[in-house]
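> Provide a 3D model corresponding to the input given below.
(chains A and B)
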Protein chains: 2
Amino acid sequence: MGNADDETCPPTNHYNPSAVNHRRVAIPPPQPFVKSLKNTLKETFFPDDPLRQFKNQPAGRKAVLGSQYLFPILEWGPRYTLGLFKSDLIAGITIASLAIPQGISYAKLANLPPILGLYSSFVPPLVYAVMGSSRDLAVGTVAVGSLLTGSMLSNVVSPTQDPKLYLHLAFTATFFAGVFEAALGIFRLGFIVDFLSHATIVGFMSGAATVVCLQQLKGIFGLDHFTHATDIISVTRSVFTQFHKWRWESAVLGCVFLFYLQLARYFSKKKAKLFWISAMAPLTSVILGSVLVYFTHAEKHGVQVIGELKKGINPASIMDLNFDSQYLPGTIKTGIVTGIIALAEGIAVGRSFAMLKNYNIDGNKEMIAFGMMNLAGSCTSCYLTAGPFSRSAVNVNAGCRTAVSNIVMAFAVMITLLFLTPLFYYTPLVVLSSIIIAAMLGLIDYESAIHLWHVDKFDFAVCLSAYIGVVFANIEIGLTLAVGLSIMRVLLFVARPRTLVLGNIPDTKVYRNVDHYENANSVPGILILEIDSPIYFANSNYLRERISRWIDDEEDKLKSSGETGLQYVVLDMSAVGNIDTSGISMLDEVKKMVDRRGLKLALVNPGSEVMKKMNKSKLLETIGQEWIFLTVGEAVGACNYKLHSCNPKMNYDDESEKYSSNV
Amino acid sequence: MGNADDETCPPTNHYNPSAVNHRRVAIPPPQPFVKSLKNTLKETFFPDDPLRQFKNQPAGRKAVLGSQYLFPILEWGPRYTLGLFKSDLIAGITIASLAIPQGISYAKLANLPPILGLYSSFVPPLVYAVMGSSRDLAVGTVAVGSLLTGSMLSNVVSPTQDPKLYLHLAFTATFFAGVFEAALGIFRLGFIVDFLSHATIVGFMSGAATVVCLQQLKGIFGLDHFTHATDIISVTRSVFTQFHKWRWESAVLGCVFLFYLQLARYFSKKKAKLFWISAMAPLTSVILGSVLVYFTHAEKHGVQVIGELKKGINPASIMDLNFDSQYLPGTIKTGIVTGIIALAEGIAVGRSFAMLKNYNIDGNKEMIAFGMMNLAGSCTSCYLTAGPFSRSAVNVNAGCRTAVSNIVMAFAVMITLLFLTPLFYYTPLVVLSSIIIAAMLGLIDYESAIHLWHVDKFDFAVCLSAYIGVVFANIEIGLTLAVGLSIMRVLLFVARPRTLVLGNIPDTKVYRNVDHYENANSVPGILILEIDSPIYFANSNYLRERISRWIDDEEDKLKSSGETGLQYVVLDMSAVGNIDTSGISMLDEVKKMVDRRGLKLALVNPGSEVMKKMNKSKLLETIGQEWIFLTVGEAVGACNYKLHSCNPKMNYDDESEKYSSNV
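Presented below is the predicted three-dimensional model:
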């Protein structure tokens, strides 16, 4: 436009080149490298701008805000009232009644002494109450985390042959989980947790719950020897090859309690007000079971019981941490895997309740709180803790208002530890197995899986592969499979972007995908393509070949229908968020290819990053800035103007002659 | 629009709701799952639609096309003429003169007997001539591939202590390289090679060339013992701690030949017509060096010579392939890494010359050809071969027209093998080192690195990390680092998409990023955001928080300036190519968040995939289809119409009241 050649053509068309000239695609103003790097880093690591409230504040206020940032209790504590405490007291006692039997049960899952489950419900909730930003999360041990700890650490050292070393390694793994979680929060790497997609977590959790249920067959049938493998095949074989050792007394007791627990859940589900039936069911099961065993002396007839639990609160375990290089790889790996799974579950639970009650959870802050809680736990005889969904839901239903419900629960557990542990002597193990199974059946989330299938088949595949991997191989394989598939999907999206043919929507200047909009009409002589992703090394070869194939197809189609030949190729770059040097070379090659075919190339609406890089690489000069348009409509207008007013220049023929090979 | 509430508002504005109604964002027609899966797989694995020419052809023609597809020689062979042969003959002899000294030199790099370099320039070029689709590629051993083979296999078995086993493992690694390359081609996984970006290859090749040059110090200084490590620190230490063993005769000879080779290259670079000076320089160096040693008996004064080379063409080596499970992991790994590097270089070289001469290279077909050539090579005493850039460039400069130049070269090498090997007896090793150094200096591509720095800093970082990794650690670390960084960039693009605020460009209905277009004006009361990438699990948490922060910022800004409050949030989804279930949940949560604040949410131009999933997940009902617009202009028009004609309804206040917590 506006160059000497064009001025000879009379403006026979409604398109007015000079009117458009003042709204060109701008080249963004140059930005110093340091500044643009700083912006990128800020947006990557501080997207939530956590220091915003510190701006323009006096130093004293900054100190107050800083400590409130680290210890949210300082923020809400001063406003705490008796009314709130009443609610928190009831919620705290309710979750304590759930935490005590669940704590003992889950510790068994991790091959740890049952008392550790109680220890772990005492110190960590106190730390979280001070540092956490969720008002609803009930802190404690989690089934999947316990199972993971158990299965991963069993590979390092046998829990039956050297229980003391195993215990110390469990503390060490918890220590590393804490370090890793806190480090993720401090270095603002929370987005790593985001790579565990919802689909992955649904599949993984359901798989882990299935595996945990299978493991409980040991307790239900009162078996002494059991496989250490977690896959369904080993477990089934282990159960059925020991058919002659099944303890029927134990199995009957287990089924009765499982039925009772499921019945309680059924009523609670029917009426939200009845949540306490389900919440109290585990504790009543424990009491009923213990009383039953005490009076029938069933422990002498094949029903295993917990036995003696040590009185007293958590002993220090900081001296037990084991950093022996022989076990270090195992404990670090266990710490990282269990830590990230605990985070993913805990933060998702915290976020969903925060969403419901309309307040915000700061992911990175939560990670620091989780990390500190596990660090403190590892020094006080606790193992991995997080925020289990079931207990948090009970907490919310029981009307908790702040993290004080966790403090109440911790005190209830403390009283249990100090005075009530002898009462658990006669508690039958099979009741604990029933409690675990009942909790796990609630985690198998087939409804979500069905939803995934309906909405997004690929997410369903991710979910299913996580489930199958966990159930048929092991937990690590399932997790790796699902995360690998999810990442592959992202990479595949970039490696195989869609190129869409656009057409004009009648009576508008709007151009849209002809496959999506049935009324969109293609423009004669002009091929309009939209590229659907950033142009990177991973897709530049593909895009070059795909664009060339689109042009081939279009020329074939036009030739066979006898219409006017193709004259212009318009690339809509609106959706191209970024480009790298491979992408720039690709565009350069597309330009040459289009030239050789005697066509013209126009670009539409490249973003600021793309314009900047095209400018720096001189590609802008090669394409010609007059061939870059703000909208598809303008590009088509300009092409039509040239098409109908004068013949497009074929000054590229010489070159194509020169290069065309004789073979 | 058009619902009962709106009809009470008088149309005070130019915006006409009913006129817009007929061009809504369509919900794409439902597609059967199998069909859409088939389309996706086709676009992923067959983007070039290789079977297109087979369509609607009789069976006989299909067979012909099929064999022409596998063996391109059947396609161009019948049209081959004497004129073409003349060109190919000259080119073939020229590259043979380069291939013979380079072949012998590179075999030393791989710690293999020199004769293998000649064997490898005989069989593989013949295979490639039949199966390859490039007319310009000169096949033979490559420096970087040789170095990689040498350094990776040396970790499996020592080439000095058990040279026979080492040789057999080299054949086996070549076999696996061939299998891997052919498999990539057959299973259409060529895009894996695309993940080695241009920047990675530049950095990696330059680093490898540096390492190769450093290794030659052994030959130049005539040292007997030398480190097996390839990093610059080990090599420098190895050279300088053996200062007293330096052979000055050898070093002087080496420097003279190096100077000669560089001078030849200088002249060739100045005038393209003089390319033959540079092409012939290695052979003349070998001849001059051999004659010099023969007459001065320098081999007795510290100048090492090649010594006896066995006469005769390639012996069969199929029985030497070693699949012992002890060495299998090492040979498979070497095969995969060297195979993929060879492919990446070979295909890039083939493509760049094809681009110049205006014909197409089919990447997957090339991979099959490379694979077959290495498979055949591994059975006939050859090691890894590919298409080196330097030799192919000479081939092109010498006027090659078809792959026949490779056949000519193969015959020249065969004649050498049959009759001329005794002539190499006196060839000094130091000349070979000079030849390698001269070739490698040409591979250190600092100009490309500078270009990368100018255009794209991140690509420069990738390139630099590959270089530093290769030079200071080892080849594998450098490669892993660069590929890891490149993939991280892609993931980071998806994990941290940009959200852009759009404003109206004066006198148009066009809305563009206000940071990019200085004249774009924001619309009072309406916040328009563009999302710049697909919405996936990896970014849905980030996007939710970022959108909420944009709204906070906008409300703060409006409050402080006393303007009308924010009423509408418009999300431009044009650039959102796809969405998964996490993304759908995110939109759902954004909708709830916007509702709670008493604002209205409008979406603009969601793509077909997004519309489909929103429809299936019922999100479309939640948002309301009347709040989804084809263009930003229409969305703003509709919002303005409501804004100025009647007060927006605040029927969400109750709900936000209900959920707001008291603390």
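> do you know how far whatever residue of the stretch 51-200 of chain A ends up closest to chain B is from B:Gly607?
Closest to chain B within the stretch 51-200 of chain A is A:Ser197: 3.1 Å, counting by Cβ to the nearest Cβ. All C-beta atoms are positioned from the backbone trio N, CA, C, and that covers glycine. Using Cβ to Cβ, to the nearest Å, we find A:Ser197 at a distance of 20 Å from B:Gly607.
> Ok, A:Phe240 next?
52 Å.
> quick one on the thing from earlier: skipping its backbone neighbours, what lies nearest the residue of the stretch 51-200 of chain A closest to chain B in space?
Leaving out its chain neighbours, the residue that sits closest to A:Ser197 by Cβ to Cβ, 6 or more residues apart in numbering or on different chains is B:Phe537, at 3.1 Å.
> Around the one you found, how many other residues sit close by?
The number of residues packed near B:Phe537 is 27, by other Cβ atoms under 10 Å in any protein chain shown.
> next one: A:Asn374
32.
> list the contacts for it?
The contact partners of A:Asn374, by Cβ atoms under 8 Å, 6 or more residues apart in numbering or on different chains, come to A:Pro124, A:Thr174, A:Phe175, A:Ala177, A:Gly178, A:Glu181, A:Gly339, A:Ala342, A:Cys382, A:Leu384, A:Thr385.
> neighbour-wise, which of these leads?
Highest count within these by other Cβ under 10 Å belongs to A:Ala177, 34 neighbours.
> can you tell me the helix or strand for that residue?
helix A:163-186 (DSSP states H and E).
> number of nearby residues for the closest residue to chain B within the stretch 201-350 of chain A?
Using Cβ to the nearest Cβ, the closest approach of the stretch 201-350 of chain A to chain B is made by A:Ile347 at 8.9 Å. A:Ile347 has 25 neighbours, counted by other Cβ under 10 Å.
> All the strands of the stretch 551-663 of chain A, in order from the start?
Taking DSSP state E, counting those that start in this stretch, the strands of the stretch 551-663 of chain A run over residues A:568-572, A:600-604, A:628-629.
> Out of these, flag the one nearest B:Lys38.
strand A:568-572 (26.8 Å; Cβ to Cβ).
> anything in that closest one near chain B?
No - Strand A:568-572 does not reach chain B (Cβ under 8 Å from any Cβ of the partner chain); its nearest approach is 9.5 Å.
> cool, and stretch A:495-514?
Yes - legend: contact between stretch A:495-514 and chain B by Cβ under 8 Å from any Cβ is shown at A:Ala495, A:Arg496, A:Pro497, A:Arg498, A:Ile505, A:Asp507, A:Thr508, A:Val510, A:Arg512, A:Asn513.
> Tabulate those residues (a markdown table), appending secondary structure, pLDDT and neighbour count.
Compiled in a markdown table, the residues of stretch A:495-514 next to chain B are given as follows (DSSP: H, G, I helix; E, B strand; the rest coil; pLDDT from 0 to 100; neighbours: other Cβ atoms under 10 Å in any protein chain shown):
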| residue | secondary structure | pLDDT | neighbour count |
| --- | --- | --- | --- |
| A:Ala495 | helix | 86 | 22 |
| A:Arg496 | coil | 87 | 21 |
| A:Pro497 | coil | 88 | 26 |
| A:Arg498 | coil | 87 | 19 |
| A:Ile505 | coil | 89 | 19 |
| A:Asp507 | coil | 84 | 10 |
| A:Thr508 | coil | 85 | 16 |
| A:Val510 | coil | 89 | 22 |
| A:Arg512 | strand | 91 | 26 |
| A:Asn513 | strand | 90 | 20 |
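> Which members of the residues you listed are the farthest-apart pair?
A:Ala495 and A:Asp507 (38.0 Å).
> what is the rounded mean pLDDT of stretch A:602-619?
The average pLDDT for stretch A:602-619 rounds to 91.
> Who are the contact partners of the residue nearest to A:Lys245 when sequence neighbours are not counted?
Among residues not flanking A:Lys245 along the chain, A:Leu223 sits closest, at 6.0 Å (Cβ to Cβ, 6+ apart). When contacts are counted by Cβ under 8 Å, 6+ apart, A:Leu223 touches A:Leu217, A:Ser238, A:Val239, A:Gln242, A:Lys245, A:Trp246, A:Arg247.
> pLDDT score for the nearest residue to A:Arg188 once chain neighbours are set aside?
The spatial neighbour of A:Arg188 that comes closest, neighbours along the chain excluded (Cβ to Cβ, 6+ apart), is A:Phe45 at 4.1 Å. pLDDT, A:Phe45: 80.
> Who are the contact partners of A:Phe45?
Neighbouring residues of A:Phe45 by Cβ under 8 Å, 6+ apart: A:Phe187, A:Arg188, A:Leu189.
> From B:Arg597, how far off is the closest residue to chain B within the stretch 301-450 of chain A?
Across the stretch 301-450 of chain A, no residue is closer to chain B than A:Asn358, which sits at 4.4 Å (Cβ to the nearest Cβ). To B:Arg597, A:Asn358 is 10 Å away according to Cβ to Cβ.
> How about A:Gly207?
Counting by Cβ to Cβ, the gap from A:Gly207 to B:Arg597 is 39 Å.
> swap in A:Trp246?
Per Cβ to Cβ, A:Trp246 is found 60 Å from B:Arg597.
> State the number of residues packed around A:Lys300.
8.
> Make sure it is indeed in a strand.
No - assessed with DSSP: H, G, I helix; E, B strand; the rest coil, A:Lys300 is helix; it does not lie in a strand.
> Can you check what pLDDT the model gives it?
So A:Lys300 comes in at 81 (pLDDT).
> how long is stretch A:374-394 from one end to the other?
For stretch A:374-394, the first-to-last residue distance is 23 Å (Cα to Cα, to the nearest Å).
> in that stretch, what counts as buried?
A:374-394 (16 or more other Cβ atoms under 10 Å in any protein chain shown).
> Name the next helix or strand downstream of the helix holding A:Ala177, please.
Following helix A:163-186 toward the C-terminus (DSSP H and E): helix A:191-194.
> got a pLDDT number for the residue nearest to A:Ser197?
88.
> and it, what is it in contact with?
A:Asp194, A:Phe195, A:Leu196, A:Ser197, A:His198, A:Ala199, A:Thr200, A:Ser486, B:Asp580, B:Ser582, B:Gly583.
> now the helices for the stretch 551-663 of chain A?
Along the stretch 551-663 of chain A, counting by DSSP state H, counting those that start in this stretch, helices occupy A:581-596, A:608-616, A:619-623, A:632-645, A:653-659.
> how about JSON lines for these, with mean neighbour count and distance to chain B added?
Shown next, in JSON lines, are the helices of the stretch 551-663 of chain A (neighbours: other Cβ atoms under 10 Å in any protein chain shown; distance: least, Cβ to the nearest Cβ, whole Å):
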{"stretch": "helix A:581-596", "mean neighbour count": "22", "distance to chain B": "5"}
{"stretch": "helix A:608-616", "mean neighbour count": "21", "distance to chain B": "4"}
{"stretch": "helix A:619-623", "mean neighbour count": "17", "distance to chain B": "9"}
{"stretch": "helix A:632-645", "mean neighbour count": "21", "distance to chain B": "9"}
{"stretch": "helix A:653-659", "mean neighbour count": "12", "distance to chain B": "4"}
